[in-house]
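J.: how would this look folded up:
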Amino acid sequence: MRMSMNWLKEYVNLDGVTPEVLAEKLTIAGLEVEGIEKMAEGTNLVIGQVLTCENHPDSDHLHVTTVNVGDEVLNIVCGAPNVRAGQKVIVSKVGAVLAGGFEIKPAKVRGMESNGMICSLSELGVDKKAQTEEQLNGIYVFDDEAPVGETRVLEYLGLDDTILDIGLTPNRADCNAMWNLAKEVGAVLHRKVTWPDCKSASQIGTPNTFKVASKTEKCPTFLGKVVNHVKVGPSPKWLSNYLHAYGIKSINNVVDISNFVMVETGQPLHYYDLSKLPHHEITVVDDVEMTMQALDGQDYEIKKGDLLITTGGEPTGIAGIMGGEESKIDESTTSIFIEAAGFNAVSIRNTSRRLGLSTEAAMHFTKGVEPMAPIKAVDRSVQLLKELAEADGFEENVLVGTIEDPVKTVSETLTHCNTLLGTEFTMDQVLGVLKDLDLNPVQDGDCFTCTIPSYRTDLNIREDIDEEIIRLLGYEDLKTTLPTMEATAGQLTDRQTMRRNLRSSLNGLGLSEVITYTLVSQKAVDNALMPLGEAVALAAPMSEERKYVRTSLIMSLLECLAYNQNHKNENVNLFEISNVYAVNTQQERLAIVMSDSLQSSKLNRIDIRSDFFAAKGVLTETLRKLGFAAERLSFKENDQDVEHFHPYRSACVMLGNQLLGVLGEIHPVLAKELGIGKAVYGEFNLELLLASKASKVKFTAINRFPAVHRDIALVVNEEVKAEQLMKAIKAAGKRMVKQVEVFDVYQGEHVESGKKSVALSITYQSEDHTLTDQEIQDVHQTVLTRLEKDCQAVLRG
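T.: So this is what the prediction gives:
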């Protein structure tokens with residue numbers, strides 16, 4: 001926000017306050033002043049009149065002039081192409097110091113004496129954006145009324161002003177209006193602020209003949225007013241100077257009033273030439289696709305969703321951003337229609353960004369406009385149009401929607417305020433600040449209640465009031481204290497411990513950790529394994545390949561595997577621990593992918609292939625180290641996903657009765673599609689592990705006593721699973737059976753149809769003595785009996 005000191009003086013007395021002092025006070029109060037800029041600089045200046053102007057005898061572009069500066073006539077050599085006899089100009093006399101510290105000294109230019117300089121605005125440091133093409137290319141020429149000999153040149157030009165460039169935080173959009181900014185300055189300086197008295201100025205006029213409608217929720221309010229008689233002409237000097245200081249070029253009195261009121265109140269306005277509107281109606285729509293020409297003469301492509309002002313179905317402005325060329329105010333305008341509307345900030349921002357059309361109006365709408373601003377702006381417009389444009393023939397206001405003052409009160413206590421801030425403010429100090437801010441506090445004992453003005457949309461809770469108090473009374477009143485903290489032992493959370501143990505175990509088993517993108521494509525969402533729910537789509541994705549937040553890890557790891565294999569990396573065994581997301585929920589998961597060999601050594605002739613059983617071993621060993629013994633796991637037929645997995649080489653992994661995840665060989669069709677070889681993949685829900693009680697992992701010494709191995713071949717019905725046999729053996733052998741392993745399954749010759757032969761190796765061992773033959777025989781017979789009873793298993797003959 002550019003704040004003109006001269007403009008600010010219209011509302012608050014700044015006697016004795018320098019720009020530097022005000023900048024410091026505002027910065028301390030939370031409105032950071034990022035720069036202090038003088039509109040123009042120059043000492044020893046005077047308005048002079050060129051008496052004679054002749055070409056320099058020794059130059060093809062210099063001129064030799066005599067200039068009357070009131071008390072003397074100066075000889076000056078000037079190189080400006082537009083210098084002429086009779087002109088009234090800015091003269092910097094000998095000894096003058098201009099912008100940038102440039103000092104004027106007497107000199108001889110190619111033999112001709114020169115005692116001063118005829119200046120351009122650029123030489124005084126005036127911003128080039130505020131100058132016309134003619135002013136940029138030559139010296140500044142005054143009008144005929146300029147008084148020769150006047151030494152207050154910058155004041156006469158309206159350039160004796162200082163601008164404070166204030167960087168506003170997002171919550172202080174109210175200070176994009178000069179009236180509200182003046183209130184802030186008044187509170188900081190403890191001085192009275194007076195706004196122009198224009199309340200209800202627009203509540204006049206004959207019954208309106210103009211119709212307004214809104215066909216979109218993005219325009220909830222629209223306030224308009226017809227002015228049947230206005231006189232367009234040049235703006236008064238003060239008005240054009242103030243707009244110049246803000247950075248807006250003066251056009252004519254009517255257009256300048258609309259811009260001036262926008263800066264004062266924060267409400268963007270648009271004035272339409274009433275005679276150029278083919279119909280006395282305006283409708284706001286957002287469902288049109290077309291190309292229209294705006295006030296800047298450029299054509300813009302309007303798409304559905306963009307807010308558009310139409311009349312009789314034809315466009316006449318891009319709502320909240322810029323009006324159309326056909327209805328602009330010019331010298332022929334005699335009647336106008338005033339628009340003060342409320343538009344959706346997000347819609348204005350999106351349209352402005354897409355069109356590359358950044359205007360003051362769009363900026364104000366994007367940052368936020370207070371609810372009462374339309375009424376304030378129309379009231380002020382009517383007042384100024386009467387004063388500066390001889391406005392008459394008003395019609396009553398026309399309103400779509402409602403504009404109501406959101407009367408809001410917030411209560412706080414002095415005790416809570418001081419406790420929260422760590423201060424010892426008195427009630428008088430607190431009430432003084434709140435009165436300066438026009439919060440109208442009412443005290444009741446220790447409590448005070450504030451009535452919030454409509455423009456302070458950032459004040460909603462009592463802590464907001466506390467913030468106002470401390471920032472204006474001064475943060476320097478805060479005492480330096482150390483926070484009170486109980487001493488606690490540093491330790492990992494359960495989740496952190498689980499992650500650390502997973503990484504340690506998987507790394508030790510030969511897998512490498514990867515971190516892949518959380519954002520994925522539609523294809524990855526469609527191919528999710530155990531999808532968490534509806535995928536979250538980004539509002540503004542970087543690309544279609546990164547449009548969604550993933551609901552599963554499978555495609556991320558398989559793409560990582562494909563990348564490595566395509567780059568000739570062999571024995572790729574990876575894992576990832578990451579969150580997956582869906583609407584309103586998230587879940588932490590572990591994924592592993594294994595290919596080629598898990599461990600291999602040609603020297604030692606070792607080659608452990610990365611197949612389903614190797615992956616199963618990696619999983620069970622890892623979970624064992626987390627406190628989940630193999631007995632708590634079960635592997636069931638995969639009924640979750642046979643699209644991504646080989647139907648006969650995959651399984652659902654159960655922890656108790658709950659699904660932990662799916663493990664198996666990738667389906668050949670999917671592998672071919674992704675360009676990968678044979679691979680095993682598993683994805684597991686870590687939230688289930690955290691929610692389940694893990695057993696303590698205890699150290700067990702190596703058994704000192706010898707083990708005895710017995711191999712048996714059992715004939716069972718073909719539907720009997722090997723797991724059932726192993727469970728029966730362990731149940732019968734109790735603590736003496738240390739290990740059961742299947743080493744052969746056979747169907748065919750010598751085995752009855754509908755039956756199969758399962759060969760198992762059983763290891764017997766005691767923890768406290770060497771087993772005798774009789775003990776082994778007894779327990780072995782018990783095992784065989786249990787197998788026959790539970791599984792109808794008989795020894796193969």
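
J.: the helices in the stretch 301-450 of the chain, which residues?
T.: 345-355, 360-367, 373-389, 414-421, 427-436 (DSSP state H, counting those that start in this stretch).

J.: also the stretch 501-650 of the chain?
T.: According to DSSP H, counting those that start in this stretch, the helices that the stretch 501-650 of the chain contains are 522-526, 554-566, 612-625.

J.: which residues touch the residue nearest the centre of the chain?
T.: Computing the C-alpha centroid of the chain and ranking residues by CA atoms, centre = their mean puts Ala540 first, at 10.6 Å. By CB atoms under 8 Å, 6 or more residues apart in numbering, the contact list for Ala540 is empty. All C-beta atoms are positioned from the backbone trio N, CA, C, and that covers glycine.

J.: gap between it and Arg349?
T.: For Ala540, the distance to Arg349 equals 11 Å [CB to CB, to the nearest Å].

J.: end-to-end on stretch 147-164?
T.: End-to-end span of stretch 147-164 (CA to CA, to the nearest Å): 31 Å.

J.: what does that stretch rub up against?
T.: Contacts of stretch 147-164 (CB under 8 Å, 6+ apart): 2-7, 19, 22-23, 26, 33, 35-40, 42, 45-49, 68-71, 88, 90, 124, 126, 146, 237-238, 240-241, 244-245.

J.: domains in this protein, by residue range?
T.: 2-39+162-189, 45-157, 211-400, 415-477, 494-691, 708-795 (automatic domain parsing).

J.: who wins for proximity to Cys198 among those?
T.: Judged by CB to CB, the one of the domains of the chain that comes nearest to Cys198 is domain 211-400, at 4.1 Å.

J.: pretty sure Gly401 contacts Pro220?
T.: Yes. In this structure, Gly401 is within contact of Pro220 by CB atoms under 8 Å, at 4.9 Å.

J.: now for the two: what residues contact both?
T.: Common neighbours of Gly401 and Pro220 (CB under 8 Å, 6+ apart) are 214, 342.

J.: so what's the backbone phi/psi at the residue nearest to the centre of the chain?
T.: Backbone geometry at Ala540, expressed as degrees, to the nearest 10, gives phi -140, psi 70.

J.: for Lys547, see how far away it is.
T.: 10 Å.

J.: likewise for Met112?
T.: Counting by CB to CB - Met112 and Lys547 are separated by 72 Å.

J.: same check, this time on Arg735
T.: 57 Å.

J.: the two: which is more packed in?
T.: Legend: neighbour count by other CB atoms under 10 Å for Arg735 and Lys547, higher for Lys547 (19 against 11).

J.: can you pull the contacts of the more buried one?
T.: Counting by CB under 8 Å, 6+ apart, Lys547 has contacts 519-522, 537-538, 541.

J.: per-residue pLDDT, it?
T.: On the pLDDT scale, Lys547 is placed at 92.

J.: next up, phi/psi of it, please.
T.: phi -100, psi -30.

J.: and for Asn68?
T.: According to degrees, to the nearest 10, Asn68 has phi -80, psi 120.

J.: not counting sequence-adjacent ones, nearest residue to it?
T.: Gln49 (4.9 Å; CB to CB, 6 or more residues apart in numbering).

J.: now swap in Ala187 and tell me
T.: Asp436 (4.0 Å).

J.: check contacts around that neighbour.
T.: Here Asp436 is in contact with 186-187, 190, 472 (CB under 8 Å, 6+ apart).

J.: the helix or strand encompassing Ser240 - contacts with which helices or strands?
T.: In this structure, Ser240 sits in helix 237-246 according to DSSP states H and E. Applying 3 or more CB pairs under 8 Å, 6 or more residues apart in numbering; DSSP states H and E, we find helix 237-246 packed against strand 2-4, helix 5-8, helix 253-265.

J.: rerun at 10 Å
T.: Packing partners of helix 237-246 (3 or more CB pairs under 10 Å, 6 or more residues apart in numbering; DSSP states H and E): strand 2-4, helix 5-8, helix 153-157, strand 162-167, helix 253-265.

J.: tell me how many other residues surround Ala487.
T.: With other CB under 10 Å as criterion, Ala487 counts 4.

J.: Ala319 contacts Ala341, correct?
T.: Yes. Here Ala319 reaches Ala341: they are 7.2 Å apart, a contact under CB atoms under 10 Å.

J.: which residue is the nearest non-sequential neighbour of Lys755?
T.: Closest to Lys755 by CB to CB, 6+ apart is Val715, at 5.4 Å.

J.: so how far is the helix or strand encompassing the one you found off the chain centroid?
T.: Assessed by DSSP H and E, Val715 sits inside strand 708-717. The gap between the average C-alpha position of strand 708-717 and the chain average comes to 67 Å, counting by CA atoms, centre = their mean, to the nearest Å.

J.: CA atoms of it as CSV?
T.: Coordinates of the C-alpha atoms in strand 708-717 are reproduced here as CSV (Å, rounded to 0.1, in the frame of the first residue of the first chain):
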residue,chain,number,x,y,z
VAL,A,708,17.2,-84.9,16.8
HIS,A,709,15.7,-84.7,13.2
ARG,A,710,12.9,-87.0,12.1
ASP,A,711,11.5,-87.0,8.5
ILE,A,712,8.0,-88.2,7.8
ALA,A,713,5.9,-88.5,4.7
LEU,A,714,2.2,-88.2,5.2
VAL,A,715,-0.7,-89.1,2.9
VAL,A,716,-3.6,-86.7,3.3
ASN,A,717,-6.6,-85.5,1.4
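
J.: show me what that strand is packed against.
T.: Partner elements for strand 708-717 (3+ CB pairs under 10 Å, 6+ apart): helix 722-733, strand 737-746, strand 755-764, helix 773-791, strand 794-795.

J.: make it 8 Å
T.: So strand 708-717, by 3+ CB pairs under 8 Å, 6+ apart, packs with strand 755-764, helix 773-791, strand 794-795.

J.: so what touches it?
T.: So strand 708-717 is in contact with 725, 743-744, 751-752, 754-765, 771, 776, 780, 784, 787, 791-796, going by CB under 8 Å, 6+ apart.

J.: which of these count as buried?
T.: Among these, the ones that count as buried by 16 or more other CB atoms under 10 Å are 725, 756-758, 760, 762, 764-765, 771, 780, 784, 787, 791, 793, 796.

J.: need the max-distance pair from the residues you listed.
T.: So, the buried ones among the contacts of strand 708-717 by CB to CB: farthest apart are Lys756 and Leu771, at 30.9 Å.

J.: and the residue of the chain most remote from its centre, how close does it get to Ala731?
T.: Distance from the centre of the chain peaks at Gln774, with 77.8 Å (CA atoms, centre = their mean). Distance from Gln774 to Ala731, counting by CB to CB: 22 Å.
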